[in-house]
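J.: show me the folded form of this:
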Amino acid sequence: MPSYRNPTVPTAREIAWLTSLAQPTVSTQSVGAVDSLSPNPAPRMSPVSENTEPEAPPCRALPAPATSRHHASMTTRHLIAAACLVVAALSPFVSGCSQKQGAEEVIVYCGVDEPYASKIFADFEAETGIHVAVQYDIESSKSVGLAGKLEAERDHPRADVWWGGEAFLSVRLASEDILQPYASPAAADIPAKFKDPGGRWTGSGLRARVLAVSTTGQVPPFPITSFQDLADPRLKDKVCMSRPTAGATGAHLASMYVLQGPEKARDFLGRLQANGIALLGGNAEVADQVGAGIYALGLTDSDDILNTQANGGKLNMVVPDQSGAGTLALPSTVGLVTGAHHPEAARKLIDYLVSRKTEEKLIKLHFSRWSVRASDAEADAIKTVTVDLAAAAKIFGQAQREATAILEGRQP
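T.: This is a model prediction of the structure:
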């Protein structure tokens, strides 16, 4: 006599299939990913894993809807039990990869590149025992996407700490009360110009907007000294930059709009478009493609050039306009999210991130190029522009939209 199985109870195979559909891709690093948030592409220094869609179980006939209260009650309980099994299967991914039972936790939205930030988080975990669950942004919308996420979640915040790759978005978040005041004692030696007057964010570690100059394949036929060289007709169709939504590019464009005025900024962008500038997916890609000789000249960040050089890319870094206005220097910025669910752990992490020790680590890792604590002599090593951060934060979105349209050959 064949054994009886209630057809309303999902089989183990079906539960496994449901679990595989819901299960996110999680890094194998010790630092975790925030529960059901979308998985990120692998860091460019790591191999990219490929996921295949699981095969659905074979279809089977289900009985007619139950008419008895007892049968209906049993069916409901079975479905609830099956759902609980799926949730239980996913439980290791809810708060991260390696969280120990009962350990303190802090949730971070991070716009700093994962290959660098993950090392800092791992050191923090090892020193404090506090688990870091981190959501990274993708290269094509670095920091910008996570800032928008914080704004969307302002009434029900999920993150405790914001770590951005520049200052303009932090200024915007502070003006919207999405970041709350916290004066870290570890930041006492950081100059006031790198801190929010209201204590809502703190800057640490400077990068710069620079020019990547190829030394192989496509090589510029003249010395490169200025951002204006990107529009030189001798380099037509041989120049590149990241899309305006990527990384520090949006911050750079916003500063151009403030320093030069929108009209002059639009004119320069129009000349770049006429010179055939290629829009790539991120600043790292700009450095990589210039280092491979595909383009002669690219606009990118200092850390991306250093990383490409370390990986064998053939390119030089030029800090532009040193005999003129200077270049844009960008500190990474850290802030405490308003309504943070883990405020004490968040403050400990902020203290760690803005400390001199962590800044020195980021310089050794070649993410930051200069210290915000630098002496006057060290600070004068490069000439930088001074930007009204509040004005740049206010015009940030407009600059991004208009630049994208102009560079794509459309009307802004």
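J.: now do the strands in the stretch 201-350 of the chain.
T.: 202-214, 239-242, 278-280, 297-301, 315-318, 329-337 (DSSP state E, counting those that start in this stretch).
J.: need the ones you listed in a markdown table (columns: mean pLDDT).
T.: A markdown table is the format used below for the strands of the stretch 201-350 of the chain (pLDDT from 0 to 100):
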| stretch | mean pLDDT |
| --- | --- |
| strand 202-214 | 97 |
| strand 239-242 | 98 |
| strand 278-280 | 97 |
| strand 297-301 | 97 |
| strand 315-318 | 98 |
| strand 329-337 | 96 |
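J.: can the ones you listed go into JSON lines with extra columns for distance to Phe227 and mean neighbour count?
T.: Placement of C-beta: from N, CA and C, glycine included. Converted to JSON lines, the strands of the stretch 201-350 of the chain look like this (distance: least, CB to CB, whole Å; neighbours: other CB atoms under 10 Å):
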{"stretch": "strand 202-214", "distance to Phe227": "7", "mean neighbour count": "25"}
{"stretch": "strand 239-242", "distance to Phe227": "10", "mean neighbour count": "26"}
{"stretch": "strand 278-280", "distance to Phe227": "16", "mean neighbour count": "20"}
{"stretch": "strand 297-301", "distance to Phe227": "7", "mean neighbour count": "28"}
{"stretch": "strand 315-318", "distance to Phe227": "10", "mean neighbour count": "20"}
{"stretch": "strand 329-337", "distance to Phe227": "14", "mean neighbour count": "27"}
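J.: can you redo those as a markdown table with distance to Lys394?
T.: Shown next, in a markdown table, are these (distance: least, CB to CB, whole Å):
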| stretch | distance to Lys394 |
| --- | --- |
| strand 202-214 | 19 |
| strand 239-242 | 22 |
| strand 278-280 | 25 |
| strand 297-301 | 23 |
| strand 315-318 | 30 |
| strand 329-337 | 17 |
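J.: so which of these comes closest to Ala133?
T.: Across the strands of the stretch 201-350 of the chain, Ala133 has its closest neighbour in strand 329-337 (13.4 Å, CB to CB).
J.: show me what that closest one is packed against.
T.: With contacts defined as 3 or more CB pairs under 8 Å, 6 or more residues apart in numbering; DSSP states H and E, strand 329-337 has these neighbours: strand 161-164, helix 168-175, strand 179-180, strand 202-214, helix 343-353.
J.: to Glu114, which of the ones you listed lies closest?
T.: Per CB to CB, nearest to Glu114 of those: strand 161-164, 11.5 Å.
J.: what sits up against the closest one?
T.: Applying CB atoms under 8 Å, 6 or more residues apart in numbering, the contact partners of strand 161-164 are 106-112, 117, 143, 146-147, 150, 170, 173, 179, 201, 332-337, 340, 346, 349-350, 353.
J.: could you rerun that using 7 Å?
T.: With contact meaning CB atoms under 7 Å, 6 or more residues apart in numbering, strand 161-164 is reached by 106, 108-112, 143, 150, 170, 173, 179, 332-337, 346, 349-350, 353.
J.: tell me the strands beside that strand, with direction?
T.: Neighbouring strands of strand 161-164 in its sheet, by DSSP bridges, are strand 105-110 (parallel), strand 329-337 (antiparallel).
J.: and Cys110, how far from Arg369?
T.: Distance, Cys110 to Arg369, by CB to CB, to the nearest Å: 19 Å.
J.: ok, back up a step: between the strands paired with strand 161-164, which one is closest to Leu259.
T.: Leu259 lies closest to strand 329-337 among the strands paired with strand 161-164, at 13.3 Å (CB to CB).
J.: dump the C-alpha coordinates for that closest one into CSV.
T.: Output in CSV follows, covering the C-alpha atoms of strand 329-337 (Å, rounded to 0.1, in the frame of the first residue of the first chain):
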residue,chain,number,x,y,z
ALA,A,329,40.8,67.4,-2.6
LEU,A,330,38.1,65.1,-1.1
PRO,A,331,38.1,63.8,2.5
SER,A,332,36.1,60.7,3.3
THR,A,333,33.4,61.6,5.8
VAL,A,334,31.8,59.7,8.7
GLY,A,335,28.5,60.5,10.5
LEU,A,336,26.1,59.0,13.0
VAL,A,337,22.7,58.3,11.5
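J.: how about the helices in the stretch 51-200 of the chain?
T.: 69-90, 114-128, 144-152, 168-175 (DSSP state H, counting those that start in this stretch).
J.: same deal with the stretch 251-400 of the chain?
T.: Using DSSP H, counting those that start in this stretch, helices in the stretch 251-400 of the chain cover 262-274, 283-291, 302-310, 343-353, 356-364, 376-379, 389-407.
J.: that older thread, Glu166: which of the strands of the stretch 201-350 of the chain is closest?
T.: strand 329-337 (4.4 Å).
J.: chain center to the closest one, what's the gap?
T.: 12 Å (CA atoms, centre = their mean, to the nearest Å).
J.: so where's this structure uncertain?
T.: By pLDDT under 70, the weakly predicted segments of the chain are 1-102, 139-144, 247, 376-380.
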